[in-house]
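Colleague: Model the following, please.
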Amino acid sequence: MKFPVVRPEYLFSLSLLSGVCALPSTAYASVVLNGSSNNMDYQVSLVAEHLSVPWGITFITSQKLLITQRHGEAVILDISNNSQTAVKGLPDVTASGQGGLLDVITEPGYQQPNGWLYFTYSKTIGNQAVTVLARSKLKVDTLTQWQELLVTHSATPTYRHFGSRITFDQQGHLFFSVGDRGERDNGQDLTTHAGSILRLNHDGTVPADNPFVAHKAALPEIWSYGHRNPQGLAFDIDSKQLWASEHGPRGGDEINLIKKGSNYGWPVTSHGKEYWGPISVGEAKEKEGIESPRKVYIPSIAPGSLLHYTGTAFPGWQGDLFVGALKLEHINHLTLSPEGIITSEERLLLPLQERIRALVQSPEGWIYFTTDNGNLYRISPLE
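Modeller: Residues are numbered from 1 along each chain as shown. Below you'll find the model as predicted:
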């Protein structure tokens, strides 16, 4: 494991806590970094380690997190005693390339054991892979009543660009993203779910007011299209705005404000370059009839997640966006105006030198995040 580069005075460990661990875990929480943002002091603590590419994370109680691991397993982490318990009842997933067990999120108002947990993952159909949306209920440590809500029409033989994050609008709908699956033309093809953000009712049915319901040459689940690989989704309940973070090619990562039925350009428009030469991707950076990004990152930061912060623990962050950066290894903090304009950018936690994978807000308004090194951290007010 690559340890954070931090000043020695910020580093300490606590004694071993009691608790039986069904899986190996780090039974301590240690402060590894202090910082300041918007005149607020915070501390970053290492909560757990030895996870395996922890891709998705959600609170199932005020003290328990369910964490998916890309290779196809999941754990319940009790942060009160740092114990980990393996989750039973998961489906077979295709854990190859960028595919595997991906996002997890609780439904609005979730309560065990009757609440629904929603998952995305990749699975093989024939010799090709697709992105799947499913839901299940958790009884103690076992998933029951597993339902595949949508096996997307996104099959390709590649194992790239599956998406796939989930968010809710608190009005009976969920959104989830599907990447172009490694085939660029899918971004402009409304007969495939690949390269799209989809909108469904909670039970997997199609809302009657989806933009392409009446179009015979389009799939009715599509909400927006022209996406390359959106791996971050967040819904602002107050403004009713849907935000997405999206991987560009070599340069050209995007933050997009998602609008009903809109085309976001890929691969017709792009701010990125081809991987094999200094040649632009797409015919233009902007074009009439195509929604332009609200922010572009050059060089790429590789945005792997997105959080819209609503907590009270950090009042100076309320309403802002936080992006987990994989390639440039930081949390990207974006300040939003009430009109949805990004007014400033701040790069947090660079000294950690870790690929930030998933972000979630705790009931206290703290931010928990995972890294590809297998670590779970939290950001809380400085004690």
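
Colleague: When you work out contacts or count neighbours from here on, use the C-alpha atoms and nothing else.
Modeller: Fine.

Colleague: Just give me the residue right at the centre of the chain.
Modeller: Centroid-nearest residue in the chain, with C-alpha atoms, centre = their mean: residue 305, separated by 3.5 Å.

Colleague: Contact partners for that residue?
Modeller: Residue 305 makes contact with 165, 231, 232, 233, 245, 323, 324, 325, 357, 358, 359, according to C-alpha atoms under 8 Å, 6 or more residues apart in numbering.

Colleague: My impression was that residue 316 belongs to a helix - is that right?
Modeller: Yes. Per DSSP: H, G, I helix; E, B strand; the rest coil, residue 316 lies within a helix segment.

Colleague: what pLDDT does it get?
Modeller: On pLDDT, residue 316 comes in at 97.

Colleague: and the closest residue to it other than its chain neighbours, how many residues sit next to it?
Modeller: If the residues on either side of it in the chain are set aside, residue 316 comes closest to residue 38, at 5.8 Å by C-alpha to C-alpha, 6 or more residues apart in numbering. Look at residue 38: counted by other C-alpha atoms under 10 Å, it has 10 neighbours.

Colleague: Please apply the same query to residue 360.
Modeller: The number of residues packed near residue 360 is 24, by other C-alpha under 10 Å.

Colleague: any idea how far residue 48 is from the closest residue to it other than its chain neighbours?
Modeller: Take residue 360 and drop its neighbours on the chain: the residue closest to it by C-alpha to C-alpha, 6+ apart is residue 368, 5.4 Å away. Distance check for residue 368 against residue 48: by C-alpha to C-alpha, to the nearest Å, it reads 11 Å.

Colleague: overlap in contacts of those two?
Modeller: 376, 377.

Colleague: And what about the residue nearest to the centre of the chain, helix, strand or coil?
Modeller: Assigned with three-state DSSP, residue 305 falls in the strand class.

Colleague: sorry, back to before: which of the contacts of residue 305 sit farthest apart?
Modeller: 165 and 325 (15.0 Å; C-alpha to C-alpha).

Colleague: which of these two has more neighbours?
Modeller: Shown here are residue 165 and residue 325; by other C-alpha under 10 Å, residue 165 has more neighbours (30 against 24).

Colleague: Do you know the pLDDT at the residue nearest to residue 237 when sequence neighbours are not counted?
Modeller: Of all residues beyond its chain neighbours, the one nearest residue 237 is residue 169 (6.6 Å), with distances taken as C-alpha to C-alpha, 6+ apart. Residue 169 is assigned a predicted lDDT (pLDDT) of 97.

Colleague: same check, this time on the one 5 residues further on
Modeller: Confidence per residue is given as pLDDT, and for residue 174 that number is 98.

Colleague: Which elements pack onto whatever helix or strand it lives in?
Modeller: For residue 174, the element it lies in under DSSP states H and E is strand 173-178. Applying 3 or more C-alpha pairs under 8 Å, 6 or more residues apart in numbering; DSSP states H and E, we find strand 173-178 packed against strand 166-168, strand 196-201, strand 230-236.

Colleague: what do you get if the cut-off is 6 Å, keeping everything else the same?
Modeller: Contact partners of strand 173-178 among helices and strands, from 3 or more C-alpha pairs under 6 Å, 6 or more residues apart in numbering; DSSP states H and E: strand 166-168, strand 196-201.

Colleague: Run me through the strand neighbours of that strand, direction for each.
Modeller: Paired neighbours of strand 173-178 in the sheet (DSSP bridges): strand 166-168 (antiparallel), strand 196-201 (antiparallel).

Colleague: Near the closest residue to residue 265 other than its chain neighbours, how many other residues are there?
Modeller: Counting by C-alpha to C-alpha, 6+ apart, the nearest residue to residue 265 once its immediate chain neighbours are dropped is residue 226, at 4.7 Å. Number of residues near residue 226 (other C-alpha under 10 Å) recorded here: 28.

Colleague: among the helices and strands packed on strand 173-178, which is nearest residue 239?
Modeller: Shortest distance between residue 239 and those, using C-alpha to C-alpha, is found for strand 166-168: 13.6 Å.

Colleague: Format the CA atom coordinates belonging to the strand ranked longest in the chain as CSV.
Modeller: Secondary structure of the chain per DSSP state E: the longest strand is strand 128-139. Provided in CSV are the C-alpha atoms of strand 128-139 (Å, rounded to 0.1, in the frame of the first residue of the first chain):
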residue,chain,number,x,y,z
GLN,A,128,-20.4,-9.6,-24.4
ALA,A,129,-20.8,-7.5,-21.3
VAL,A,130,-23.6,-5.1,-20.2
THR,A,131,-24.4,-2.8,-17.3
VAL,A,132,-27.3,-3.9,-15.1
LEU,A,133,-29.4,-2.1,-12.6
ALA,A,134,-30.9,-4.2,-9.7
ARG,A,135,-32.3,-3.9,-6.3
SER,A,136,-32.5,-6.1,-3.2
LYS,A,137,-33.4,-6.0,0.5
LEU,A,138,-30.9,-6.6,3.3
LYS,A,139,-31.7,-8.9,6.2
